[in-house]
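In: sequence-free structure coming up:
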């Protein structure tokens, strides 16, 4: 099998700083990966995404297979060239979006037949086709196709779904085309049931992957249950391989999960919140739409070095959010992506300095002191 | 009176290259000024507007007085600081937008009472208040308040409207606060009637302004009528002062007007078209939404040096336009603003090289060869 070099450079097997040796730039972990669903991190130029510190973004197989199409992107030189992103790309398998966005899904042993949410056209996604699409996109880290079970679901329902996901994981691994700079991750499923999570982890490890994701979380189970599942899963994954918590999350979710051994994260929160007028800060989220900001000459965060905080007041941001101007989305997304990168960098530094418990406790206290609203 | 230094450095009094000595960077004329209606050139970061070559943008008094308010912008350090634009600003008087956007207008000798299109609040704009607002914004070139008469309108109707505009021009000039780096332009009105245009020009010159705008055009009269009005107006304006054609226009409008002695232009066309998926090129406008671009690996224009043409294919732009992604607006606006700056730079070079007739004829031939659609 291909091997993704992953060097743990600080901490221990549980809470650690690592380096993913990816072909288009090293990536330090724990890492936050911005989401670039449709071949763009929404509202951002790729060079500005890189300015925030990101060296890997996520692309969505479901969206890209439907528009503009994987074969087209391949003809045009691959996703990195297509979207002018010179760094690394991780792609999901498409399974989650098929379940959440597509119409008229029909699941079988072979795969999932569905209709596009864009134009109603019919498509058939199998483990083999998902791996082929991700290969055509030029992904550096491909994810196996799995079934994303609904939440809540019974033990029996999750057990049955998990069995299918594990058969698909095996087929995905078989279909994965090994090549330099191409890697493949398995995805642990099993709902909120520790025994099923353990079973899933063990089966994936037996197949053998470059890294292991924890899937099926952040679907409504709540933070405590999510942390329980992570604690029930991580001990059954190889300490030397990266662990990826898919689709998570809020800053306090990320810190809690990183403390439990997670190395990689992705989430639409910083980008989507930015487009909704919300900014993340060390003192909690701010909603720039609120009238209290209308005359405030201060930036979002005096300590932040992003383009938004260097040059724009809260008063200006309030004005452009209220006016529905595109620059509001640009500046707040830029700030939020910078905040998420800074947060993970501070966490890594704390691991290096052996102060991660203190750092995390102080972060959570400060972050929850906000008088403003929850992330939107 | 204040004097705006304007040096004619090439050409003759009719078709010329000039330099406006403005406080925040020299501006070569003929110049195209991007429109920054609500304290932002839509979809652009200000540093990227400057990268296109622009050193002056237009701000809209009507929009800014309603939101966030002129006094607020003044408290926050003026419009340039508020919007992070270190270069020059020209502001209109608000009169045109009151006529085109506001509700329940009531015109009197004193001014115009209207309701905000944003929240229905009642406002009263007078020549004195318009000049005060523009002063509070920190405008480098303030425009007098005038009445924007409807088109078409009778000679008698325009004559009456013009008389009011000329009384308001006098009051505007009186209210203008002379200071270093602050300048004031009059606006010639008179519809499509040469005698009224001449009368208006002469009255404004008698008052004395730093520059003279031609207003009330590009309102449906057509290019030929517009050029006729310019030809009937320019001879009655001082050759040593800049001439500004407000709200114009398409590339061929601009070249035709510059050939007739116009020094300054502003228009929403490059920014609005960019948000609508349209790109300007030397061979005419392109609509990136069209299917013919879906597999085209070429940039919009191989000769263009803008960020969009350096790094993105027509296929990518087609994809992001179809997907409604913000980056489509960013990249196409960037390209279009670059095109308008490049067009005026090429015109200035042709004047310097005494080849402006040939340049303009070739430009119009090439520009009209497009098989695609009109600007939208």
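Out: All right, it came through fine. Everything numeric in this text was worked out from a predicted model, so none of it was measured.

In: Phi, psi for residue A:101 please.
Out: Residue A:101 adopts backbone torsions of phi -120, psi -40, taken as degrees, to the nearest 10.

In: ditto for residue A:36
Out: Dihedral angles (degrees, to the nearest 10) for residue A:36: phi -120, psi 60.

In: what does the stretch 1-150 of chain A put close to chain B?
Out: Residues of the stretch 1-150 of chain A lying close to chain B (C-beta under 8 Å from any C-beta of the partner chain) are A:38-40, A:42-45, A:67-68, A:72, A:75-77, A:82-84. Yep, even glycine has a C-beta here, placed from its N, CA and C like the rest.

In: Endpoints of stretch A:284-297, how far apart?
Out: One end of stretch A:284-297 sits 19 Å from the other (C-alpha to C-alpha, to the nearest Å).

In: Also stretch A:80-93?
Out: Using C-alpha to C-alpha, the end-to-end distance of stretch A:80-93 comes out at 17 Å.

In: quick check: mean pLDDT across it?
Out: On average, the pLDDT along stretch A:80-93 is 98.

In: Can you mark which positions in that stretch are buried?
Out: Residues of stretch A:80-93 classed as buried by neighbour count (16 or more other C-beta atoms under 10 Å in any protein chain shown): A:80-85, A:87-93.

In: And those, which is closest to residue A:341?
Out: Residue A:341 lies nearest to residue A:87 out of these, by C-beta to C-beta, at 12.9 Å.

In: State the pLDDT value of residue A:99.
Out: Predicted confidence (pLDDT) for residue A:99: 87.

In: Near it, how many other residues are there?
Out: When counting by other C-beta atoms under 10 Å in any protein chain shown, one arrives at 18 neighbours for residue A:99.

In: quick one: it is in a helix?
Out: Yes - remark: residue A:99 belongs to a helix, assigned using DSSP: H, G, I helix; E, B strand; the rest coil.

In: which non-adjacent residue is nearest it?
Out: residue A:148 (4.5 Å; C-beta to C-beta, 6 or more residues apart in numbering or on different chains).

In: Pull the number of nearby residues for the one you found.
Out: Based on other C-beta under 10 Å, the number of other residues close to residue A:148 is 20.

In: What is the distance between the helix or strand bottoming out on mean pLDDT in chain A and the centre of its chain?
Out: In chain A, the helix or strand scored least confidently by mean pLDDT, DSSP states H and E is strand A:103-107, which has a mean of 87. Mean-position distance between strand A:103-107 and its chain equals 25 Å (C-alpha atoms, centre = their mean, to the nearest Å).

In: And the pLDDT for the one residue in the stretch 101-250 of chain A that gets nearest to chain B?
Out: Closest contact between the stretch 101-250 of chain A and chain B, by C-beta to the nearest C-beta, is at residue A:118 (8.8 Å). You'll see residue A:118 listed with a pLDDT of 94.

In: thinking again about what came up before, okay, the residue nearest to residue A:99 and residue A:35: tell me how far apart.
Out: For residue A:148, the distance to residue A:35 equals 16 Å [C-beta to C-beta, to the nearest Å].

In: Just list the residues touching the most centrally placed residue in chain A, thanks.
Out: Central residue of chain A (C-alpha atoms, centre = their mean): residue A:266, 1.4 Å from the mean position. The contact partners of residue A:266, by C-beta atoms under 8 Å, 6 or more residues apart in numbering or on different chains, come to A:32, A:33, A:34, A:35, A:58, A:90, A:244, A:246, A:247, A:248.

In: if we can go back for a sec, need the buried residues of stretch A:80-93 in TSV with secondary structure, can you?
Out: TSV is the format used below for the buried residues of stretch A:80-93 (three-state DSSP):
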residue	secondary structure
A:80	helix
A:81	helix
A:82	helix
A:83	coil
A:84	coil
A:85	coil
A:87	coil
A:88	strand
A:89	strand
A:90	strand
A:91	strand
A:92	coil
A:93	coil
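
In: Please identify which pair of those lies farthest apart.
Out: A:84 and A:93 (24.4 Å).

In: Give the helix, strand or coil label for residue A:3.
Out: With three-state DSSP as the criterion, residue A:3 reads coil.

In: count of residues packed around it?
Out: Residues within reach of residue A:3, counting by other C-beta under 10 Å, total 11.

In: Double-check it against residue A:209; I have them as touching.
Out: No - contact between residue A:3 and residue A:209 fails when scored by C-beta atoms under 8 Å: they sit 10.5 Å apart.

In: Tell me who's in contact with residue A:306.
Out: Residue A:306 neighbours (C-beta under 8 Å, 6+ apart): A:52, A:334, A:335, A:338, A:339.

In: can you tell me how far the spatially most distant residue from the centre of chain A sits from chain B?
Out: What lies farthest from the middle of chain A is residue A:295; by C-alpha atoms, centre = their mean that is 35.7 Å. Here residue A:295 is placed at a distance of 6 Å from chain B (C-beta to the nearest C-beta, to the nearest Å).

In: quick one: that residue is in a strand?
Out: No - assessed with three-state DSSP, residue A:295 is coil; it does not lie in a strand.

In: Run through chain A and note the low-pLDDT ranges.
Out: A:1-2, A:370-376 (pLDDT under 70).
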